[in-house]
Structure formats: C-alpha cells, structure tokens
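> return a 3D structure for these sequence lines:
(chains A and B)
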Protein chains: 2
Amino acid sequence: MAKPLIECVPNFSEGRNQDLINTIVDPFKRKKRCILLDQRADEDHNRLVVSLVGEPGPLQDALMEACLVAIENIDMEKHRGGHPRIGAVDVIPFVPLRNISMDECVEIAREFGRHFNAKTGVPVYFYEEAALRPDRRGLEVIRKGQYEALKREISNPERHPDVGEPSLHPTAGATVIGARKFLIAFNVNLATPDVNIAKQIAKAVRASSGGMCHVKGIGLALESRGITQVSMNITDYEKNALYRVVELIRFEAKRWGVPIIETEVYGMIPAAALIDSASYYMQITEFDSSQVIELALLDKLGEAP
Amino acid sequence: MAKPLIECVPNFSEGRNQDLINTIVDPFKRKKRCILLDQRADEDHNRLVVSLVGEPGPLQDALMEACLVAIENIDMEKHRGGHPRIGAVDVIPFVPLRNISMDECVEIAREFGRHFNAKTGVPVYFYEEAALRPDRRGLEVIRKGQYEALKREISNPERHPDVGEPSLHPTAGATVIGARKFLIAFNVNLATPDVNIAKQIAKAVRASSGGMCHVKGIGLALESRGITQVSMNITDYEKNALYRVVELIRFEAKRWGVPIIETEVYGMIPAAALIDSASYYMQITEFDSSQVIELALLDKLGEAP
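Predicted structure coming up:
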C-alpha cells in the first residue's frame, strides 16, 4: 500500500522575530518524511504561515515540537498584528493529499487537538470538517473579536472550547484545529479596465451571492496594467473543478464582449486539479492518476521501508 | 539541488520462462533509488519490457546486474518470437524525466554502452539522440534483418557496431542503446464506423505523411463498438503538445461532421504533458511545475540525504 500523504498549514503568531521564526520551523527541517514546502512570515500581520507535506505520523511529531516552541515564546498579551488571531499557535488545518480520506484527516485533527491540549493546556476549537458543532465550521465564528474578546467571552458556554478548560492559556491563548480540502488561489484577468464588470462576474461565480459552491471571489482592478481581475479561492476543487470555473467566467464575460487575457494559479496546486481539467478539455476517459509517472513514483517511494 | 530522475525501458528477449524473467527483474526490486514501475512479458513476442525510474547511478547499477543475468541465460541461437530483435538485451533507451537534460541522457547512454561492452563483450549500437552516425537514429535501420541477418552482415563496415568487435556475441547477439524523449501512446475515438475517415485523419496528423512532427499514427476500426480510432505515438510531447494533436484531429474530423467521442492515454505519461495542455485551455500563464504539490514533494524527497 502506498503511504498516505497530508498537507498541513500551521499559522503561528510571530512574523517579526527572525530568530524565533527559525526556531519554530527547525523541527520541520530536521524531521524525515515531513517536508517543509514553504514558509512565509509577514511583518504587518505579525504571522508565520508554514506549508508542510508528509506522512501523518512524522508530520504530527514535528508539528508538536514546533507548537511547543511557539507556545513557550509567544506572548499574546503583547502580540499586535493586522491578521485576526486568538493564539500563539493560531490555526492548524490538516489537508488530505494522497491515499487518505477526509474522514481520516478529521480523525487526525481531533486526536492531535486532544493530545495538544493535554500537553500544553491550551484550549482547542475544532473547525471546518473537524467541527463538533455545526456553527463552528467557519473560522471567523471561532475567532470573533479575536484574542482580546475571547479572553472575556470564553467562560460563556456559547464560546467554551471543544477541548480543555473554558479559559485562555495565560500567554498562548487558544488554538483552532481542523481538517479541510486543499485551497486553490486562482485569478482570471479580464481585458477590460471596467472594475464593475469584474465585480459582476465575481458575483455570478461565487457561492456567497448564489454562484458556484466552494468558490469565493472578488472583482478588482489591476490599475498599473489597466485591466481587471476576478480573484478567487476554490475551497473544493473536486466539487467545482478549475475548468468549470474558467468556462463560467468566460461565458459570463461574453455578455460584455470581454475576453479572458490569462489566468494565474497563485501558490501550490494538487496535481489532480490540473489533470482533471486537462481530461475534461481533451476528453480523456478512464484515466488513473497512477498513469502519471511522477505520481506513480511518489507512491512507490512511499512504499520503501 | 533536486536530484535528476530518468526513465529507462530495457527490452529483454525472454517472454516465456517465468523463472528467468523473475531473475532478470530481481535487481530492480532490490535496488534503492531505482523503482520498477512496470514489467510486461509477451509470450508471442517472447520479449520482456521493463519500465524503470530512478536516479541515474543506482538505476544503471541495477540495469547492469539485470543485463548480466539476461546475457548469461538467453541464447539467441534458439530464440524465436514475433518482435524484431538482435540480442538477449535487445534495446535500452534512457529518457530524461526531471532535473536532467537530453544531452546528459545521451552521455549516460554512451557511457553505459562502453561499460556494458567492456564487461560483456556484446557489441553495442547507439540510436536516436545517442546515435553516432545519423543513419543510425532509427532502431529499424540497426535491427534490419534481425539477429539472423546481422550475424552475417556485422563484419560489413556499413554494419560495424559503434562499440566492440564486428562480430556478434555467440549467444547474446548485439544490443542497441540510446536516449530518447518520453513516448506517449494516445488514442482518439471517433463517432463514425467509417475507417476511411479515421485513416484520412491519421494521415493528416502524422509526420510520415506530412502532418505534425513527432506524431506517428494509424486509423483503425474498433469493430465491436462500431466506431473508429486514430491510434498514435507522440514521440516528443514538448514539441507537439497533446492539446495541439487533439485539436487538429477535432478540426479535421469536422470535415465529415464527425465528433470526438473520447480520448485515451495508454500507459504512462509525464505530468508536464498534462499540465501543459491544462495550461493551454485555461490560459494559465507563468506556471512553474514546482507549484504542483506532488512534484515539489518529489524534488524535496530527492534532496534527502
């Protein structure tokens, strides 16, 4: 059996102290079978976003080490930054990548959460697919009012954590842990300077205004180029494939005679998202991802002892 | 630096004796950093085709071991089979996959060929990109008349080997070694029972009748389904992308009002071939394959000590 692979994107509330950032990511660099794909520290947000891929066991071991460093060194009482946050280890999503189901990732998130609380005393909320209460699927609900408000309101039963005591950790706050699908950032550039057209197309395509499920989007101007963009997050590329999003935008843009100039995948994307779209356009049937030589190789490497 | 990956598809002249087949492929199963993706033994052809992927060093080590087993145990004087062949180890193509150039694969092929001859005494011909004489690019030229004819003609300067003495090894014959691009087998099924239409489209698309370079193709009937097919080999998917082949066939088929029913990738395909086509249809610009999470992971795994 090919080994399971997950992605994990922990967010830590430290984007300025480079020494501390290095100490937090160090376990990811040292651990075998857990790979640090990307790390981005933002000074304005005062936040560190790390992208990890690996087998569930080694990945969680390295993650726990990194969390202990963050909890020991970040003081939320003194933390200031432009991004919503409630804790030193703010959010940890687990994402199924290969040879593992969403249900298994939910189980990983919940077990990691219990283990994390037992080890650190930091209260834990479960979100998205791992949510234990339906109203806690959305991160924004759990983080409402951020660290400062939650400090007062956590004793309110409505805001009790899912694991741990109903009071924040004195310096590390609380942590949100969950499981979600891979998130694709995808932009479509339009050959018009009229931002209203981009906004109307965004409205037609996004879920919040009645468009496609699992698509978030806004219309904006790229002033320096004199063009506009529909900027999107696709939160479930298996339910609403990339090609379907592109073709709906192409179709809507025709109303104004506006062509698509180009599109852009921002950041990482799973192979399946591109394969699926290639298969649609070229009408490839009965294709198995293990026919892709690099994916077969990845599975075989996972099998090695 | 991410480690280089190559594919290698050695063809051995044994497709019937299962014990011997197992002994030949055994080194590929034992070797680390060399992975046996596929093995197909054909009884009619009396031939074993193996698909390997790995780092050049370990892959060549395992390959040499397998070749020694084949040379020791296969007697070309007694070999009968439906596929053209000149030796116990008949053909060895090296294929660049990732983080390695064609020039480097040519160098690998030639060095392996010299080493192979020194160790076994089997004369070697270089073909395709590794050919030392332009008329030897094509396998069919080197294998003309097969083992039986070459045995007589190898002493003729025109047919002297590129490495070794101008006489066949008494039981193992000669071996063709080279470098080539990855070969994609790709079929397009047409909604017509008229095989003449498929044949005319194949003619329009293939290089041999003046169509697209690096495309081989024939038109044939899928009798049981009452439809027809353009069956192709794409010998350079970087020069003539999959999407271009599909769209040319779609365009030609319109002449008869015939739609494409479906297409089929037969066997393995490199990720880049699908990504490139997805990028065309969805107009994705400035995409780097390291944005594909599995490919980034594969590169990182290659870096591990």
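> okay, and the residue in the stretch 101-250 of chain A positioned nearest to chain B sits in which element?
Taking Cβ to the nearest Cβ, chain B has its nearest neighbour within the stretch 101-250 of chain A at A:V246, 4.8 Å off. All C-beta spots, glycine's among them, are computed from the backbone N, C-alpha and C. Secondary structure assignment for A:V246, by DSSP states H and E: helix A:242-253.
> could you check the angle the helix or strand following that helix makes with helix A:242-253?
Using DSSP H and E, the next helix or strand after helix A:242-253 towards the C-terminus is strand A:260-266. Counting by axes from the mean of the first three to the mean of the last three Cα atoms, to 10 degrees, strand A:260-266 lies at 150 degrees to helix A:242-253.
> which residues touch the helix or strand that strand A:260-266 is followed by?
Per DSSP H and E, the first helix or strand lying C-terminal to strand A:260-266 is helix A:271-282. Identification of contacts with helix A:271-282 by Cβ atoms under 8 Å, 6 or more residues apart in numbering or on different chains yields A:182, A:184, A:237-238, A:241-243, A:246, A:284-285, A:287, A:289, A:292, A:294-295, B:242-243, B:246, B:263, B:271, B:274-275, B:277-279, B:281-282, B:292-295.
> please redo it, this time with the cut-off set to 7 Å
Outside helix A:271-282, the residues that touch it by Cβ atoms under 7 Å, 6 or more residues apart in numbering or on different chains are A:184, A:237, A:241-243, A:287, A:289, A:292, A:295, B:242-243, B:246, B:263, B:271, B:274-275, B:277-278, B:281-282, B:292, B:294.
> could you pull out the strands for the stretch 51-200 of chain A?
Using DSSP state E, counting those that start in this stretch, the strands of the stretch 51-200 of chain A run over residues A:89-98, A:124-128, A:175-179, A:184-190.
> could I get those in a markdown table, plus columns for mean neighbour count and mean pLDDT?
Output for the strands of the stretch 51-200 of chain A, formatted as a markdown table (neighbours: other Cβ atoms under 10 Å in any protein chain shown; pLDDT from 0 to 100):
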| stretch | mean neighbour count | mean pLDDT |
| --- | --- | --- |
| strand A:89-98 | 26 | 96 |
| strand A:124-128 | 25 | 98 |
| strand A:175-179 | 27 | 98 |
| strand A:184-190 | 21 | 96 |
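> with distance to A:M76 added, can I get those in CSV?
Below are the strands of the stretch 51-200 of chain A laid out as CSV (distance: least, Cβ to Cβ, whole Å):
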stretch, distance to A:M76
strand A:89-98, 10
strand A:124-128, 15
strand A:175-179, 11
strand A:184-190, 28
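> can you give me the helices for the stretch 51-200 of chain A?
A:56-73, A:102-120, A:139-142, A:146-153, A:195-205 (DSSP state H, counting those that start in this stretch).
> before we move on, the earlier item: list the buried residues in the helix holding A:V246.
By neighbour count on 16 or more other Cβ atoms under 10 Å in any protein chain shown, the buried set for helix A:242-253 is A:L242, A:Y243, A:R244, A:V245, A:V246, A:E247, A:L248, A:I249, A:R250, A:E252, A:A253.
> correct me if wrong: the last one contacts A:A191.
It stands for A:A253. No. With contacts counted by Cβ atoms under 7 Å, A:A253 stays clear of A:A191, the gap being 8.6 Å.
> which parts of chain A sit against chain B?
A:7, A:35, A:37, A:53, A:97, A:242-243, A:246, A:260, A:262-265, A:267-271, A:274-275, A:277-278, A:281-287, A:291-298, A:300-301 (Cβ under 7 Å from any Cβ of the partner chain).
> just the buried residues of these.
A:7, A:35, A:37, A:53, A:97, A:242-243, A:246, A:260, A:262-265, A:268-271, A:274-275, A:277-278, A:281-284, A:287, A:291-298, A:300-301.
> before we move on, back to that, so who does the residue of the stretch 101-250 of chain A closest to chain B touch?
By Cβ under 7 Å, 6+ apart, the neighbours of A:V246 are A:V188, A:T263, B:M282.
> tell me which residues touch A:G219, please.
Per Cβ under 7 Å, 6+ apart, neighbours of A:G219: A:V195, A:A198, A:K199, A:I201, A:A202, A:T228, A:V230.
> part of a helix, is it?
No. Using DSSP: H, G, I helix; E, B strand; the rest coil, the secondary structure at A:G219 is strand, not a helix.
> ok, now which ones touch the closest residue to A:R180 other than its chain neighbours?
In this structure, A:R180 finds its nearest non-sequential neighbour in A:E128, 4.2 Å apart by Cβ to Cβ, 6 or more residues apart in numbering or on different chains. Neighbouring residues of A:E128 by Cβ under 7 Å, 6+ apart: A:P93, A:R137, A:G178, A:A179, A:R180.
> same deal with A:R47?
A:N11, A:S13, A:G15, A:G81, A:H83, A:R85.
> could you check how far it is from chain B?
22 Å (Cβ to the nearest Cβ, to the nearest Å).
> go on, A:E55?
11 Å.
> so for that residue, what's the pLDDT?
Note for A:E55: predicted pLDDT of 92.
> that one contacts A:R33, correct?
Yes. A:E55 lies in contact with A:R33 (Cβ under 7 Å); the separation is 4.9 Å.
> could you find the closest non-adjacent residue to A:G226?
A:G226 sits nearest to A:P193 (Cβ to Cβ, 6+ apart), 4.9 Å away.
> which residue is most remote from the mean position of chain A?
In chain A, the residue that sits farthest from the middle, by Cα atoms, centre = their mean, is A:G257; the gap is 34.9 Å.
> can you list phi and psi of that residue for me?
phi 70, psi 30 (degrees, to the nearest 10).
> check the stretch 51-200 of chain A for the residue nearest chain B and tell me.
For the stretch 51-200 of chain A, Cβ to the nearest Cβ, closest residue to chain B: A:V53, 5.2 Å.
> quick one: that residue from B:L5, how far?
18 Å (Cβ to Cβ, to the nearest Å).
> for A:F28, same thing?
To B:L5, A:F28 is 24 Å away according to Cβ to Cβ.
> got it, and A:A191?
Counting by Cβ to Cβ - A:A191 and B:L5 are separated by 40 Å.
> what do you get for A:E247?
34 Å.
> let's have the helices of the stretch 51-200 of chain A in TSV, adding distance to B:C67.
Converted to TSV, these look like this (distance: least, Cβ to Cβ, whole Å):
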stretch	distance to B:C67
helix A:56-73	38
helix A:102-120	43
helix A:139-142	58
helix A:146-153	66
helix A:195-205	57
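> next, A:D38: secondary structure please.
A:D38 ends up strand, using three-state DSSP.
> can you tell me which residues contact it?
Contacts of A:D38 (Cβ under 7 Å, 6+ apart): A:S51.
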